[in-house]
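Asker: Provided below are the primary sequence and the corresponding predicted coordinates.
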Amino acid sequence: MYLLSQKQVQQFQDEGYCLAPDFFSDEDIALMRAELQRLRDDQLLFNKCTKDDGSTPTTDRINLQICPLTPHSDIFRSLPFYKPVGDAIGQLISAPFVQQLDQIFVKPAGIGYGTNWHQDNAYFQSAQIEPHRGVGMWIAIDDTNVNNGTMRLIPNSHKGMKEHKRDLHSDHFITCADSVDESLAVPVEVEAGGVAFFNFGIVHCTKDNNSDQDRAGLALHFCECDVVSEHHPYTHPFIRGDEASDGLREFGRDLSADWLNARNKCSPALI
Ligand SMILES: O=C(O)CCC(=O)C(=O)O
């Protein structure tokens, strides 16, 4: 059973983020990689990069995204119901809470393009949402480091919302890059299976992948149920609280064993 330490929880409360370097096992990562490969083979990820006009697609800069993910993958749909995930989120925000959204970004080797500075709360446009009541869980599907453009985040940046405008190097992203002091940023350098938890108000980005290996990250977002944003068309399953049913009420089936069952069937050759 994985639980965040008191020190990690305290850092999340004080600075708006914490890292859990060994959250997922090699077997978990093998399953994530196998399912991601299936999604890529099925051409369900799309390049979000554009020339400076916000609309003309690029071929020399690629930032592949699938969002939302759950409608395309029973395996990733089951991950929030895997007990260690809900337990860790329950240490950071209060029940009842739901899943807000899920997505994967892939930065292909050499031409992988970063996702510009932003606060997730600028996307989850609910008038009433308070950033500390939502948490992003960014999972390294591959080893991450500065050379392959890992996530960077700015500690303590969650205490106020910044102005965002359209990022014209992408087809729909928004950014607060103009008001960011990059010298304050911390890179999230973790091996595959490591996790960064961060408050919906934390300013963060990813950079270009200059390495010779693809780099993928999976982002799950959770928030307390009374601040959920309906901005994205998405089912918001209850993860903890009286209305939580391990997916039964939202998806018609108890999904609590699905992650482990799929993991047990996944080929060890992929590890
Ligand atoms: O992986 C990325 O490029 C960006 C991820 C991100 O910004 C997020 O999860 O909020």
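Answerer: Right, received. Where do you want to start? Numbering: from 1, shown residues only.
Asker: Where does pLDDT dip in this protein?
Answerer: Applying pLDDT under 70 to the chain flags residues 1, 126-128, 231-233, 267-271.
Asker: Buried residues of stretch 38-49, list them for me.
Answerer: By 16 or more other CB atoms under 10 Å, the buried positions in stretch 38-49 come out as 39-40, 44-45, 47-49. All C-beta spots, glycine's among them, are computed from the backbone N, C-alpha and C.
Asker: Now tabulate those in TSV and tack on distance to the ligand and secondary structure.
Answerer: Formatted as TSV, the buried residues of stretch 38-49 follow (distance: CB to the nearest ligand atom, whole Å; DSSP: H, G, I helix; E, B strand; the rest coil):
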residue	distance to the ligand	secondary structure
39	15	helix
40	15	helix
44	17	coil
45	12	coil
47	13	strand
48	9	coil
49	11	strand
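Asker: can you map out the helices along the stretch 51-200 of the chain?
Answerer: Secondary structure of the stretch 51-200 of the chain, counting by DSSP state H, counting those that start in this stretch: helices at 74-78, 83-92, 120-123.
Asker: Looking at those helices, which is nearest to the ligand?
Answerer: helix 120-123 (5.0 Å; CB to the nearest ligand atom).
Asker: Close to the ligand: what parts of the stretch 101-250 of the chain are there?
Answerer: Proximity of the stretch 101-250 of the chain to the ligand, by CB under 6 Å from any ligand atom, involves residues 105, 115, 120, 136, 138, 204, 206, 217, 219.
Asker: Was I right to think the third one contacts residue 203?
Answerer: Meaning residue 120. No: Residue 120 lies out of contact with residue 203 (CB atoms under 8 Å); the separation is 9.7 Å.
Asker: Tell me which of those two has more neighbours.
Answerer: Taking neighbours as other CB atoms under 10 Å, residue 120 and residue 203 compare with residue 203 leading, 27 against 22.
Asker: name the element the closest residue to the ligand within the stretch 151-271 of the chain belongs to?
Answerer: The stretch 151-271 of the chain approaches the ligand most closely through residue 219 (3.1 Å), counting by CB to the nearest ligand atom. Secondary structure from DSSP states H and E places residue 219 in strand 215-224.
Asker: So which elements touch that strand?
Answerer: Packing partners of strand 215-224 (3 or more CB pairs under 8 Å, 6 or more residues apart in numbering; DSSP states H and E): helix 26-41, strand 97-107, strand 134-140.
Asker: please redo it, this time with the cut-off set to 7 Å
Answerer: Secondary-structure packing of strand 215-224 (3 or more CB pairs under 7 Å, 6 or more residues apart in numbering; DSSP states H and E): strand 97-107, strand 134-140.
Asker: Can you lay out the ones you listed as TSV showing mean neighbour count?
Answerer: As requested, the helices and strands packed on strand 215-224 are arranged in TSV below (neighbours: other CB atoms under 10 Å):
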stretch	mean neighbour count
strand 97-107	24
strand 134-140	25
